[in-house]
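Engineer: Generate coordinates for the sequence data below:
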Amino acid sequence: MADVLKKFIPQKPESGSEHADTGGRPPVLPTSEPATQSSPKTPTAKTPVMPDTPAKNVLSNDVEIKGSIKFGNEFTFDGKIEGEISSNDGILTVGENGDVQGEIKAKSVIVMGKVHGNITVQERCELRSRSQLIGDLRAARLIIEEGATFVGKSEVTPNKAALKDLGNIHKEKPQEVGAPR
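Structural biologist: Numbers count the residues shown, from 1 in each chain. Here you go, the predicted model:
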């Protein structure tokens with residue numbers, strides 16, 4: 001790392017140093033000069049300030065929080081929290097080391113760690129194989145892998161569009177096979 005810093009931070013010349021070929025001076029880094037009207041502009045790819053992809057937020061396992069977290073888009077939590085985690089449109093992943101002591105409200109939740117509290121999701125809740133949920137759960141869809149621990153009540157209510165589709169399947173008359181007359 002010291003060699004990398006020497007390239008960017010000017011150093012005092014030392015006798016017999018690596019800068020002997022430059023006359024004892026540190027190397028000069030090339031700088032870009034502003035374009036003038038006489039010089040042709042070269043096309044350059046501009047990097048957007050805000051990327052088009054949704055932001056993915058991560059808090060690692062050495063984070064401990066007492067309070068609440070509100071997020072948007074995607075959020076992976078692998079630390080400890082005593083409080084609420086909430087989002088209107090977000091997808092929460094509780095990592096393998098994650099330990100949540102409180103309520104979770106989100107669009108979708110994947111649990112790989114421990115949750116001691118209620119989970120309410122608009123769409124899908126997934127309890128992975130070594131996860132623990134001690135609390136009640138409300139979701140439109142629920143996936144529980146073998147090996148997951150779930151102690152509490154669950155209320156799985158598919159959305160109204162899915163219920164209508166199921167109702168229409170039973171009401172459709174069977175398609176007739178044969179040549180038209």
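Engineer: Figure out the helix or strand that the closest residue in space to E123 that isn't next to it in sequence lives in.
Structural biologist: Sequence neighbours aside, S108 is the residue nearest to E123 in space, at 4.8 Å (criterion: Cβ to Cβ, 6 or more residues apart in numbering). No exception for glycine: its C-beta is placed from N, CA and C like everyone else's. Take DSSP states H and E as the rule and S108 turns out to sit in strand 104-111.
Engineer: My read is that E64 contacts G83, right?
Structural biologist: No. Here E64 does not reach G83: they are 11.0 Å apart, not a contact under Cβ atoms under 8 Å.
Engineer: strands paired with the strand holding S108, and their directions?
Structural biologist: According to DSSP bridges, strand 104-111 has the following sheet partners: strand 85-86 (parallel), strand 91-94 (parallel), strand 119-127 (parallel).
Engineer: more crowded one of E64 and G83?
Structural biologist: Counted by other Cβ atoms under 10 Å, E64 and G83 do not tie: G83 has more neighbours, with 15 against 11.
Engineer: Just the pLDDT for that one.
Structural biologist: With respect to pLDDT, G83 scores 96.
Engineer: if we can go back for a sec, now the strands paired with strand 104-111 as a markdown table including mean neighbour count and distance to S60?
Structural biologist: Shown next, in a markdown table, are those (neighbours: other Cβ atoms under 10 Å; distance: least, Cβ to Cβ, whole Å):
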| stretch | mean neighbour count | distance to S60 |
| --- | --- | --- |
| strand 85-86 | 22 | 16 |
| strand 91-94 | 24 | 13 |
| strand 119-127 | 20 | 21 |
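Engineer: can you list the ones you listed in a markdown table and add distance to I144?
Structural biologist: What follows is the strands paired with strand 104-111, written out as a markdown table (distance: least, Cβ to Cβ, whole Å):
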| stretch | distance to I144 |
| --- | --- |
| strand 85-86 | 20 |
| strand 91-94 | 15 |
| strand 119-127 | 5 |
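Engineer: so who does E82 touch?
Structural biologist: Residues counted as contacts of E82 (Cβ atoms under 8 Å, 6 or more residues apart in numbering) are I65, K66, G67, Q101, G102.
Engineer: Just the buried subset of the residues you listed, please.
Structural biologist: G102 (16 or more other Cβ atoms under 10 Å).
Engineer: Turn the contacts of E82 into TSV, columns for secondary structure and pLDDT.
Structural biologist: Listed next are the contacts of E82 as TSV, based on DSSP: H, G, I helix; E, B strand; the rest coil; pLDDT from 0 to 100:
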residue	secondary structure	pLDDT
I65	strand	94
K66	strand	96
G67	coil	95
Q101	strand	97
G102	coil	97
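Engineer: Please consider this matter closed, and thank you.
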